[in-house]
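Visitor: from the sequence below, what's the structure:
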Amino acid sequence: QVQLVESGGGLVQAGGSLRLSCAVSGRTFSSFAMAWFRQAPGKERDFVATISRSGEGTYYADSVKGRFTISRDNAKNTVYLQMTSLKPEDTAVYYCAADLTAYSSNSRSYAHWGQGTQVTVSS
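Guide: This next block holds a predicted model:
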């Protein structure tokens, strides 16, 4: 059974930084394309970033481009989301997602999901 566990969320002031981690178990990590999504209260789950199996390909939502960086360490079975220059509108629950075939911004393409980690950015 594939499990994804996010960590690293918290409360930060606007302009600050956080690094989220997502540890994957249950299957060879390098088999998965990975992604981060986020969901603010009362809103739909939105795409944030995705990374290919090798880590050579990345793609970002326009709202985070230049501020967030997705990366992965296949030796540690972990994907990261480095977030800088955080804004109050980045406040959301952040979810990591994995799929054997997807490298996509569409949440319906991902078969496996973590439970989420809360990120709150104060103004």
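Visitor: so who does the one residue sitting closest to the centre of the chain touch?
Guide: For the chain, W36 is the residue whose C-alpha lies nearest the centre (C-alpha atoms, centre = their mean; 2.4 Å). W36 makes contacts with L20, C22, V48, A49, T50, I70, V79, L81, Y94, Y95, C96, A97, as judged by C-beta atoms under 8 Å, 6 or more residues apart in numbering. From N, CA and C alone the C-beta is placed, and that goes for glycine too.
Visitor: how about K43?
Guide: Residues in contact with K43 (C-beta under 8 Å, 6+ apart) are A92.
Visitor: which strand or helix spans the residue nearest to the centre of the chain?
Guide: Assigned by DSSP states H and E, W36 belongs to strand 33-39.
Visitor: so what are the sheet partners of that strand and their directions?
Guide: Sheet pairing of strand 33-39 (DSSP bridges) gives strand 45-51 (antiparallel), strand 92-99 (antiparallel).
Visitor: what number of residues lie near V79?
Guide: The burial count assigned to V79 is 30, neighbours taken as other C-beta atoms under 10 Å.
Visitor: re the thing from before, most tightly surrounded among the strands paired with strand 33-39?
Guide: strand 92-99 (a mean of 23; mean count of other C-beta atoms under 10 Å).
Visitor: hmm, who's touching that strand?
Guide: By C-beta under 8 Å, 6+ apart, the list of residues contacting strand 92-99 reads 2, 4, 6, 9, 20, 22, 24, 32-40, 43, 45-46, 48, 79, 81, 107, 109-119.
Visitor: next one: stretch 73-86
Guide: Contacts of stretch 73-86 (C-beta under 8 Å, 6+ apart): 12, 14-25, 29-30, 34, 36, 48-49, 51, 55, 64, 67-72, 90, 94, 96, 119, 121.
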